[in-house]
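1. Got a sequence here, can you model it:
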Amino acid sequence: MAWSAGTVGFGSYHYRYASGEEGDFFKIGFAARAGGLTLYVMAGVRGFDHILEGLGRHQATKSTVKFARLSDLSQPALVQLIVESVRHLDAVEEQLGAIPRMSKIPPPSLPSPSG
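-> The predicted model follows:
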C-alpha cells in the first residue's frame, strides 16, 4: 500500500503514545530516494545488530537501512531482518495493546547462542 509519495508500506500496526496521540502506520516500508534505496524498519534496528553485521553495504539509523542497490545486500539477511522486526513489532503490540513511541519499544531478545 502506498503511504506517502514514493513510500510503499507493508502490514500495519496501531500506535498509541503517552500523549494520547494514536493512529496506524506500516510495519515495513520501502522507498527509492535520490541518494539510493531506504528500508523503513518500524520496530527500529536496535537489537538487530546480529543481522545488520551480515547485511552488506548499508547505513543504518534508528529506523532505516539505506543502501545504493539491492545487490549490495545479502538477500537472506534482508529477509531475516524484515521477518524478525515484524515478529518483534507484533509481539510488542500483543503485549502492550498498541505500539508506543519507538524510543519506548523494548529491544528484541537476543538470539540464543548456538553451539
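2. Regarding this protein, what is its longest helix?
-> With secondary structure taken from DSSP state H, the chain has its longest helix at helix 75-96.
3. which secondary structure elements does it contact?
-> On a contact count with 3 or more CB pairs under 8 Å, 6 or more residues apart in numbering; DSSP states H and E, helix 75-96 meets strand 13-16, strand 28-33, strand 36-41, helix 49-52. C-beta: built from backbone N, CA, C; applies to glycine.
4. Give me the phi and psi for the spatially closest residue to residue 31 that is not a sequence neighbour.
-> Using CB to CB, 6 or more residues apart in numbering and skipping residues adjacent in sequence, the residue nearest residue 31 is residue 7, 4.4 Å away. Main-chain torsions, residue 7, degrees, to the nearest 10: phi -120, psi 120.
5. mind checking how far the closest residue to residue 41 other than its chain neighbours is from residue 42?
-> Among residues not flanking residue 41 along the chain, residue 85 sits closest, at 4.9 Å (CB to CB, 6+ apart). From residue 85 across to residue 42, the span is 8 Å (CB to CB, to the nearest Å).
6. Let me have the helices and strands packed on helix 75-96 in JSON lines, adding mean neighbour count as columns.
-> Putting those into JSON lines (neighbours: other CB atoms under 10 Å) gives the following:
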{"stretch": "strand 13-16", "mean neighbour count": "16"}
{"stretch": "strand 28-33", "mean neighbour count": "16"}
{"stretch": "strand 36-41", "mean neighbour count": "19"}
{"stretch": "helix 49-52", "mean neighbour count": "15"}
